[in-house]
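J.: predicted model and sequence follow; I will ask about them next.
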Amino acid sequence: MAVIEDAQAAEASLDPIRARLLAELRTPASAATVAARIGLPRQKVNYHLKMLEHHGLVALVEERRKGNVTERIMGATARSYVISPAALPGVAPDPALAPNRVSARWMLAVAARLVNDVGSLITGADRANKRLATFALDGELTFASAADRAAFVAELSASVAGLVEKYHSANAGGGRNHRIVVALHPSVKAPEAAPPITAGTPGRTKEQ
(Lines give C-alpha, C1' and ligand atoms only; values in the text may rest on other atoms or scores of the structure.)
Protein backbone atom coordinates (compact mmCIF):
# COMPACT_ATOMS: atom_id res chain seq x y z
CA MET A 1 0.00 0.00 0.00
CA ALA A 2 1.24 3.47 -0.88
CA VAL A 3 0.11 6.77 0.62
CA ILE A 4 -0.41 9.68 -1.78
CA GLU A 5 0.38 12.97 -0.07
CA ASP A 6 0.96 15.18 -3.12
CA ALA A 7 -2.07 17.02 -4.52
CA GLN A 8 -1.06 16.59 -8.16
CA ALA A 9 -0.37 12.88 -7.68
CA ALA A 10 -3.79 12.53 -6.04
CA GLU A 11 -5.42 14.28 -9.00
CA ALA A 12 -3.59 11.99 -11.41
CA SER A 13 -4.71 8.86 -9.57
CA LEU A 14 -8.37 9.92 -9.52
CA ASP A 15 -8.67 10.08 -13.29
CA PRO A 16 -10.85 7.06 -14.24
CA ILE A 17 -8.52 5.85 -16.99
CA ARG A 18 -5.42 6.19 -14.82
CA ALA A 19 -7.11 4.46 -11.92
CA ARG A 20 -7.92 1.58 -14.29
CA LEU A 21 -4.30 1.49 -15.45
CA LEU A 22 -3.06 1.31 -11.86
CA ALA A 23 -5.31 -1.67 -11.27
CA GLU A 24 -4.19 -3.37 -14.49
CA LEU A 25 -0.51 -2.79 -13.74
CA ARG A 26 -0.55 -4.66 -10.46
CA THR A 27 0.85 -7.23 -12.83
CA PRO A 28 3.56 -5.49 -14.92
CA ALA A 29 2.81 -5.16 -18.63
CA SER A 30 3.59 -3.04 -21.66
CA ALA A 31 1.43 -0.17 -22.90
CA ALA A 32 0.45 -2.25 -25.92
CA THR A 33 -0.66 -5.16 -23.76
CA VAL A 34 -2.71 -2.98 -21.44
CA ALA A 35 -4.22 -1.06 -24.36
CA ALA A 36 -5.45 -4.28 -25.95
CA ARG A 37 -6.78 -5.49 -22.62
CA ILE A 38 -8.89 -2.41 -21.86
CA GLY A 39 -9.76 -1.44 -25.42
CA LEU A 40 -7.97 1.92 -25.72
CA PRO A 41 -5.47 3.19 -28.33
CA ARG A 42 -1.86 2.51 -27.32
CA GLN A 43 -0.96 6.19 -27.77
CA LYS A 44 -3.61 7.21 -25.26
CA VAL A 45 -2.45 4.58 -22.77
CA ASN A 46 1.15 5.78 -23.22
CA TYR A 47 0.10 9.34 -22.44
CA HIS A 48 -1.59 8.36 -19.20
CA LEU A 49 1.28 6.06 -18.21
CA LYS A 50 3.73 8.95 -18.59
CA MET A 51 1.62 11.04 -16.20
CA LEU A 52 1.46 8.21 -13.67
CA GLU A 53 5.19 7.62 -13.99
CA HIS A 54 5.87 11.32 -13.48
CA HIS A 55 4.10 11.16 -10.12
CA GLY A 56 5.78 7.91 -9.06
CA LEU A 57 2.62 5.82 -9.26
CA VAL A 58 4.03 3.46 -11.88
CA ALA A 59 7.65 2.60 -12.60
CA LEU A 60 9.73 0.86 -15.23
CA VAL A 61 10.16 -2.83 -14.38
CA GLU A 62 12.21 -3.89 -17.38
CA GLU A 63 12.88 -3.24 -21.04
CA ARG A 64 12.44 -5.92 -23.68
CA ARG A 65 13.91 -5.76 -27.15
CA LYS A 66 11.56 -6.85 -29.95
CA GLY A 67 13.24 -6.42 -33.31
CA ASN A 68 13.90 -2.71 -33.73
CA VAL A 69 11.54 -1.77 -30.91
CA THR A 70 12.29 -1.58 -27.18
CA GLU A 71 9.20 -2.47 -25.16
CA ARG A 72 8.91 -0.85 -21.74
CA ILE A 73 7.30 -3.06 -19.11
CA MET A 74 5.62 -0.89 -16.48
CA GLY A 75 4.25 -1.81 -13.09
CA ALA A 76 2.27 -0.04 -10.38
CA THR A 77 4.45 0.99 -7.45
CA ALA A 78 1.90 -0.48 -5.02
CA ARG A 79 -1.05 -2.86 -5.06
CA SER A 80 -3.30 -0.22 -3.52
CA TYR A 81 -3.22 3.52 -2.80
CA VAL A 82 -4.63 5.77 -0.10
CA ILE A 83 -4.98 9.52 -0.60
CA SER A 84 -3.92 11.32 2.56
CA PRO A 85 -5.69 14.49 3.76
CA ALA A 86 -2.19 15.99 3.46
CA ALA A 87 -2.92 16.26 -0.28
CA LEU A 88 -5.45 19.01 0.60
CA PRO A 89 -3.75 20.75 3.55
CA GLY A 90 -5.89 23.89 3.43
CA VAL A 91 -9.16 22.01 3.92
CA ALA A 92 -8.05 18.87 5.77
CA PRO A 93 -10.36 17.95 8.68
CA ASP A 94 -9.11 19.08 12.10
CA PRO A 95 -10.57 17.19 15.11
CA ALA A 96 -9.45 19.99 17.41
CA LEU A 97 -11.94 22.42 15.89
CA ALA A 98 -15.04 20.74 17.34
CA PRO A 99 -14.22 17.82 19.66
CA ASN A 100 -17.37 15.78 20.31
CA ARG A 101 -17.08 12.08 21.02
CA VAL A 102 -20.63 11.33 19.85
CA SER A 103 -20.37 13.27 16.57
CA ALA A 104 -19.99 11.18 13.41
CA ARG A 105 -18.29 14.09 11.66
CA TRP A 106 -15.79 14.44 14.49
CA MET A 107 -15.11 10.69 14.19
CA LEU A 108 -14.47 11.22 10.48
CA ALA A 109 -12.07 14.06 11.26
CA VAL A 110 -10.23 11.77 13.70
CA ALA A 111 -10.07 9.05 11.05
CA ALA A 112 -8.71 11.56 8.54
CA ARG A 113 -6.01 12.58 11.00
CA LEU A 114 -5.22 8.89 11.50
CA VAL A 115 -4.74 8.43 7.75
CA ASN A 116 -2.62 11.58 7.62
CA ASP A 117 -0.41 10.64 10.58
CA VAL A 118 0.07 6.97 9.74
CA GLY A 119 0.65 7.84 6.09
CA SER A 120 3.40 10.23 7.09
CA LEU A 121 4.92 7.61 9.41
CA ILE A 122 4.84 4.96 6.66
CA THR A 123 6.55 7.33 4.24
CA GLY A 124 9.28 8.13 6.77
CA ALA A 125 9.77 4.50 7.75
CA ASP A 126 10.04 3.44 4.10
CA ARG A 127 12.66 6.12 3.40
CA ALA A 128 14.67 5.06 6.45
CA ASN A 129 14.14 1.37 5.67
CA LYS A 130 12.80 0.80 9.17
CA ARG A 131 9.81 -1.06 10.57
CA LEU A 132 6.93 0.90 12.03
CA ALA A 133 5.46 -0.27 15.35
CA THR A 134 1.65 -0.10 15.15
CA PHE A 135 -1.34 -2.10 16.36
CA ALA A 136 -5.00 -2.16 15.34
CA LEU A 137 -8.18 -4.03 16.20
CA ASP A 138 -11.11 -4.47 13.84
CA GLY A 139 -14.30 -6.41 14.44
CA GLU A 140 -18.08 -6.34 14.66
CA LEU A 141 -20.60 -6.91 17.42
CA THR A 142 -24.38 -6.74 17.71
CA PHE A 143 -26.17 -4.87 20.48
CA ALA A 144 -29.58 -6.03 21.64
CA SER A 145 -30.61 -2.48 22.51
CA ALA A 146 -29.48 1.14 22.59
CA ALA A 147 -29.08 0.79 26.36
CA ASP A 148 -26.61 -2.06 25.87
CA ARG A 149 -24.68 0.05 23.39
CA ALA A 150 -24.48 2.94 25.85
CA ALA A 151 -23.35 0.59 28.62
CA PHE A 152 -20.68 -0.87 26.34
CA VAL A 153 -19.38 2.61 25.48
CA ALA A 154 -19.22 3.57 29.15
CA GLU A 155 -17.39 0.37 30.11
CA LEU A 156 -15.01 0.64 27.16
CA SER A 157 -14.21 4.25 28.01
CA ALA A 158 -13.50 3.32 31.63
CA SER A 159 -11.30 0.39 30.61
CA VAL A 160 -9.25 2.48 28.19
CA ALA A 161 -8.90 5.27 30.77
CA GLY A 162 -7.66 2.72 33.29
CA LEU A 163 -5.08 1.34 30.87
CA VAL A 164 -3.87 4.84 30.00
CA GLU A 165 -3.48 5.69 33.68
CA LYS A 166 -1.59 2.43 34.27
CA TYR A 167 0.89 2.67 31.41
CA HIS A 168 1.28 6.39 30.66
CA SER A 169 4.71 7.65 31.78
CA ALA A 170 4.84 11.40 31.36
CA ASN A 171 8.41 11.67 32.67
CA ALA A 172 9.90 8.55 31.06
CA GLY A 173 13.35 9.28 29.68
CA GLY A 174 13.57 8.34 26.03
CA GLY A 175 9.88 7.48 25.89
CA ARG A 176 7.91 8.08 22.72
CA ASN A 177 4.39 9.48 22.53
CA HIS A 178 1.71 7.30 20.99
CA ARG A 179 -1.83 8.16 19.91
CA ILE A 180 -4.72 5.82 20.63
CA VAL A 181 -7.96 5.94 18.64
CA VAL A 182 -11.07 3.95 19.58
CA ALA A 183 -14.14 4.13 17.36
CA LEU A 184 -17.58 2.55 17.30
CA HIS A 185 -20.04 2.98 14.46
CA PRO A 186 -22.84 1.04 12.75
CA SER A 187 -21.62 -1.48 10.20
CA VAL A 188 -22.15 -0.61 6.55
CA LYS A 189 -24.18 -3.15 4.62
CA ALA A 190 -22.44 -4.64 1.61
CA PRO A 191 -24.27 -3.86 -1.67
CA GLU A 192 -26.30 -6.75 -3.00
CA ALA A 193 -24.96 -8.34 -6.17
CA ALA A 194 -27.06 -7.65 -9.24
CA PRO A 195 -28.76 -10.77 -10.64
CA PRO A 196 -27.16 -12.12 -13.80
CA ILE A 197 -28.78 -11.09 -17.05
CA THR A 198 -30.10 -14.04 -19.05
CA ALA A 199 -31.93 -14.40 -22.31
CA GLY A 200 -35.20 -14.71 -20.38
CA THR A 201 -34.80 -11.50 -18.36
CA PRO A 202 -37.72 -9.10 -19.07
CA GLY A 203 -36.77 -6.18 -21.23
CA ARG A 204 -33.75 -7.96 -22.70
CA THR A 205 -33.30 -9.86 -25.92
CA LYS A 206 -30.65 -12.30 -26.99
CA GLU A 207 -29.18 -9.66 -29.29
CA GLN A 208 -28.70 -7.30 -26.35
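T.: Happy to help now that I have it. Quick caveat, the model's predicted, so the values are computed rather than measured. Residues are numbered from 1 along each chain as shown.
J.: and the strands in this protein?
T.: 2-4, 29-30, 58-66, 69-76, 81-83 (DSSP state E).
J.: turn the ones you listed into a markdown table, columns for mean pLDDT and mean neighbour count.
T.: Where C-beta positions appear, they are placed from N, C-alpha and C, glycine not excepted. A markdown table is the format used below for the strands of the chain (pLDDT from 0 to 100; neighbours: other C-beta atoms under 10 Å):
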| stretch | mean pLDDT | mean neighbour count |
| --- | --- | --- |
| strand 2-4 | 89 | 21 |
| strand 29-30 | 94 | 20 |
| strand 58-66 | 90 | 12 |
| strand 69-76 | 90 | 15 |
| strand 81-83 | 90 | 17 |
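J.: quick one: closest of those strands to residue 156.
T.: strand 81-83 (27.0 Å; C-beta to C-beta).
J.: now do the buried residues in the longest helix along the chain.
T.: In the chain, with assignment by DSSP state H, the single longest helix is helix 104-128. By neighbour count with 16 or more other C-beta atoms under 10 Å, helix 104-128 contains the buried residues 106-107, 109-116, 118-119, 122.
J.: quick one, what contacts the most centrally placed residue in the chain?
T.: Using C-alpha atoms, centre = their mean, the residue of the chain that lies closest to the mean C-alpha position is residue 82, 3.0 Å off. Contacts for residue 82 (C-beta atoms under 8 Å, 6 or more residues apart in numbering) come out as 1, 2, 3, 4, 115, 119.
J.: who's it bridged to?
T.: Beta-bridge pairing of residue 82 under DSSP bridges involves residue 3.
J.: okay, now the domains of this structure?
T.: Using automatic domain parsing, the domain ranges for the chain come out as 2-81, 90-167.
J.: a markdown table for the ones you listed, including distance to residue 180?
T.: Formatted as a markdown table, the domains of the chain follow (distance: least, C-beta to C-beta, whole Å):
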| stretch | distance to residue 180 |
| --- | --- |
| domain 2-81 | 21 |
| domain 90-167 | 7 |
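J.: quick revisit: and of the contacts of residue 82, the nearest to residue 63?
T.: residue 2 (23.3 Å).
J.: now for the closest one: which residues touch it?
T.: Per C-beta under 8 Å, 6+ apart, neighbours of residue 2: 57, 77, 78, 80, 81, 82.
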